[in-house]
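[1] My questions concern the predicted model and sequence given below.
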Amino acid sequence: MFRKLSNRFIKQLLTFSGAVTGIAILFISFFLFKEGAGLFKTSTIEKGYVLVVNSANPIGKLSSHQIKEIFDAEITNWKAVGGKNQEIRIFRIDDIFNEYSKMEIGENYEHLPEKLAEVIQKDEGIIAFLPHQYAPINSPSVKELPTENISVSDYFLGKEYLPTATPAPLFGVLPLLFGTLLVSIMAIALALPLGLGVAIYMSELADERIRKFLKPVIELLAGIPSVVYGFFGLVVLAPIVQKTFHLSVGE
């Protein structure tokens, strides 16, 4: 009798635990998808900043990829993005101190928007990346470039993943997928024959003394968490790859 009650209780407890776990997984999945979907409501320009040009510039908008190439100096003429045959001048907020003194700008930056408008008005080829609070977007000589939200196609079909790039981060997931696939194939191609060779050597060819030495070493290496190898790769190998292949990032 007691055993039947005990078994029934355990069965109900397991059923209840499974139901709670299933509900928890559903809530976690919903939360993760909800937070992830927020990416597609994010502007292609860094939050709190705007891109402005001279009002005489015929350019109406730029894609995040074009913005990245402009600020990386890969595009140096407006003609390459549909504008005039004119050299592009990149301007950031700190560059204002090369044009005006701190006294002219004001102790509390009260004259900063006015001075920024003057700089932009003087140069038709300028593109300025400015904090929204100081951007002279109401000046008739200044035109703000409209920004779009990150699209689903840019995310799934984008060929660059640079989330820290300024002023326009890139979130293309294709290089991550292909990179993971390539690394997995390379790891299998390297580890499979090596592992089989070591196993055959250890079991069939190795001397007893060598086997006693190598076995704990292999077990020790297998016991190290993979995150340790990942950290080693990030700290040591990634910078080497970055410098060797002249990449903007080592990943």
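    Looks like it came in fine.
[2] Could you chop the chain up by domain?
    The record's domain parsing of the chain by automatic domain parsing lists 2-41, 49-151+160-170, 174-245.
[3] Export those as JSON lines, with columns for mean neighbour count and mean pLDDT.
    Every residue, glycine included, has its C-beta placed from N, CA and C. JSON lines is the format used below for those (neighbours: other C-beta atoms under 10 Å; pLDDT from 0 to 100):
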{"stretch": "domain 2-41", "mean neighbour count": "10", "mean pLDDT": "78"}
{"stretch": "domain 49-151+160-170", "mean neighbour count": "16", "mean pLDDT": "88"}
{"stretch": "domain 174-245", "mean neighbour count": "11", "mean pLDDT": "86"}
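[4] can you confirm Pro136 is in a strand?
    No - judged by DSSP: H, G, I helix; E, B strand; the rest coil, Pro136 forms no part of a strand; its state is coil.
[5] so what's it up against?
    In this structure, Pro136 makes contact with 52, 113-114, 116-117, 120, 142, judged by C-beta atoms under 8 Å, 6 or more residues apart in numbering.
[6] what's the closest of the residues you listed to Gln12?
    Looking at the contacts of Pro136 and their distance to Gln12, the nearest is Val52, at 65.9 Å (C-beta to C-beta).
[7] The closest one pairs with what?
    In this structure, Val52 bridges to Ala128, Glu144 when assessed by DSSP bridges.
[8] Verify the stated contact: it with Leu130.
    Yes - contact between Val52 and Leu130 holds when scored by C-beta atoms under 8 Å: they sit 6.3 Å apart.
[9] coming back round to it: among the contacts of Pro136, which are located in helices?
    Taking DSSP state H, the ones among the contacts of Pro136 that sit in helices are 113-114, 116-117, 120.
[10] Rebuild these as JSON lines, extending it with distance to Phe97.
    Converted to JSON lines, those look like this (distance: C-beta to C-beta, whole Å):
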{"residue": "Pro113", "distance to Phe97": "15"}
{"residue": "Glu114", "distance to Phe97": "15"}
{"residue": "Leu116", "distance to Phe97": "12"}
{"residue": "Ala117", "distance to Phe97": "16"}
{"residue": "Ile120", "distance to Phe97": "16"}
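[11] Could you single out the nearest of those to Arg89?
    Nearest to Arg89 among the ones in helices among the contacts of Pro136, counting by C-beta to C-beta, is Ile120 at 9.9 Å.
[12] Quick check: the gap between Thr164 and Lys102.
    Separation of Thr164 from Lys102 (C-beta to C-beta, to the nearest Å) stands at 30 Å.
[13] swap in Leu51?
    Using C-beta to C-beta, one gets 25 Å for the distance from Leu51 to Lys102.
[14] Likewise for Ala222?
    Counting by C-beta to C-beta, the gap between Ala222 and Lys102 amounts to 61 Å.
[15] now do Ile200
    Look at Ile200 and Lys102: by C-beta to C-beta, they are 74 Å apart.
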